[in-house]
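*Asks:* give me the fold of what follows.
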Amino acid sequence: MEQITLGLVGVGRIGVMHAENLASLEEELNPRGIDVRLVLTDVAAAHARSVAERLGARFVPSVAEMLGSGVDGLVVATGTATHPGLIRAGVDAGVPVFCEKPVALDVADSLPVLEHVRAAGGTVQIGHQRRFDAGYLRAREALAAGELGWIHSLRAVTCDMTPPPVEFLAASGGLFRDCSVHDFDILRWLTGHEIVEVYARGSNNGDPAIGSVGDVDTALAVVTFDDGTVGTVSAGRYNGAGHDVRLEIQGSRASLAVGLDDRTAVRSAEPGVTFPAGTPHRTFAERFAAAYRAEMVAFVELVLGRRANPCPPEDAVAAARVADAAQESLRTGVPVRVAADPVRSAG
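*Replies:* Numbers count the residues shown, from 1 in each chain. A predicted model of the protein is given here:
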């Protein structure tokens, strides 16, 4: 049995989810000869200690003690502002790092982190969990095989059932950076093409407090890829039918939809049609429960050297560049070109 120890920093909502997933992977990993041990820390020490006890993990009072204890990998699930420092700490300790998106608060703050990781020869996986969702994986396979013919349009949707607290939105960077960045990442990953221009519009018809902190509750972006293909990316905070994440891909030969199943948060207006008849997902954690588990399995495999990095930080920053352009277009009301990646451009 090959044993590895992972340190997890941050036991808020998403940190607890990752911790629970890692603690429950025995049935999947033990038959493959892998045993994962877990160490937790958080500034909210009492809460972290309680979570550790519940999951059979070990609690340590600091990141420094965690890294000094000989962990084999570091999982970062803290607030965005702390990501750069923790990524650097993990890389400097010589261990692979998994970090929730984004790399940093903005692209400008992300670039020195990328430089540090490259200079140190570090390994960092960023948490874009849709890359592990069965539907998106099947869509990527279909695109690579040419099953749909040439692609003429893509339509991505990400809608929350209810908005998060206004206090969160005030520091989120805007709807495109918080929600649609997942769509921007998956569109690049699926198509293999860069988004080069964005034209965005938005509105506020819900809680006026969302507008008061500089955000919108509904937005739509028209995106243009480097091969001329066009698509739309829409996002919303008040989708009362349920949590709705879908992607429609239309080609010259066939079309494909991701997220279209019995739990899709939509109903047909056609007489006699009962599909979808299931209970819609209410949260992103429900919608992507299997993907989040697969993401942690992938990180374990990455730590063990059994797979390539499924989401390097350069990809996450590329998606963030598109989100920045969308936010700028939303602010100015005009189309915005996506800033070029200086490293890729030089290459």
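
*Asks:* residues near residue 24, how many?
*Replies:* Look at residue 24: counted by other Cβ atoms under 10 Å, it has 12 neighbours. Bear in mind the C-beta positions are built from the backbone N, C-alpha and C, glycine included.

*Asks:* grab the nearest non-local neighbour of it.
*Replies:* residue 293 (7.9 Å; Cβ to Cβ, 6 or more residues apart in numbering).

*Asks:* wait, the one you found touches residue 21, no?
*Replies:* Yes: the pair residue 293 / residue 21 is scored as a contact, 4.9 Å apart, by Cβ atoms under 8 Å.

*Asks:* which elements pack onto whatever helix or strand the residue nearest to residue 24 lives in?
*Replies:* In this assignment (DSSP states H and E), residue 293 forms part of helix 289-303. Judged by 3 or more Cβ pairs under 8 Å, 6 or more residues apart in numbering; DSSP states H and E, helix 289-303 is in contact with strand 2-9, helix 13-23, helix 26-29, strand 73-76, strand 124-127.

*Asks:* ok, which of the ones you listed comes nearest residue 234?
*Replies:* Proximity to residue 234 (Cβ to Cβ) singles out strand 124-127 among these, at 22.5 Å.

*Asks:* between residue 293 and residue 21, point out the one with more neighbours.
*Replies:* residue 293 (20 against 16).

*Asks:* check contacts around that one.
*Replies:* 21, 24-25 (Cβ atoms under 8 Å, 6 or more residues apart in numbering).

*Asks:* measure it to residue 156 for me?
*Replies:* Going from residue 293 to residue 156 by Cβ to Cβ, to the nearest Å gives 23 Å.

*Asks:* the stretch 1-150 of the chain: strands as residue ranges?
*Replies:* Remark: strands assigned in the stretch 1-150 of the chain by DSSP state E, counting those that start in this stretch are 2-9, 34-41, 58-59, 73-76, 97-100, 124-127.

*Asks:* any chance of these in TSV, with mean pLDDT and distance to residue 137 too?
*Replies:* Formatted as TSV, those follow (pLDDT from 0 to 100; distance: least, Cβ to Cβ, whole Å):
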stretch	mean pLDDT	distance to residue 137
strand 2-9	97	24
strand 34-41	97	22
strand 58-59	98	34
strand 73-76	98	22
strand 97-100	98	19
strand 124-127	98	16
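
*Asks:* out of the ones you listed, the one nearest residue 171 is which?
*Replies:* Comparing those by Cβ to Cβ, strand 97-100 comes nearest, at 14.8 Å.

*Asks:* by contact count, what packs against the closest one?
*Replies:* Looks like strand 97-100 contacts strand 73-76, helix 83-92, strand 124-127 (3+ Cβ pairs under 8 Å, 6+ apart).

*Asks:* for residue 150, find the nearest of these.
*Replies:* That would be strand 124-127 among those, by Cβ to Cβ, at 30.3 Å.

*Asks:* what is the closest one packed up against?
*Replies:* Looks like strand 124-127 contacts helix 83-92, strand 97-100, helix 289-303, helix 313-332 (3+ Cβ pairs under 8 Å, 6+ apart).
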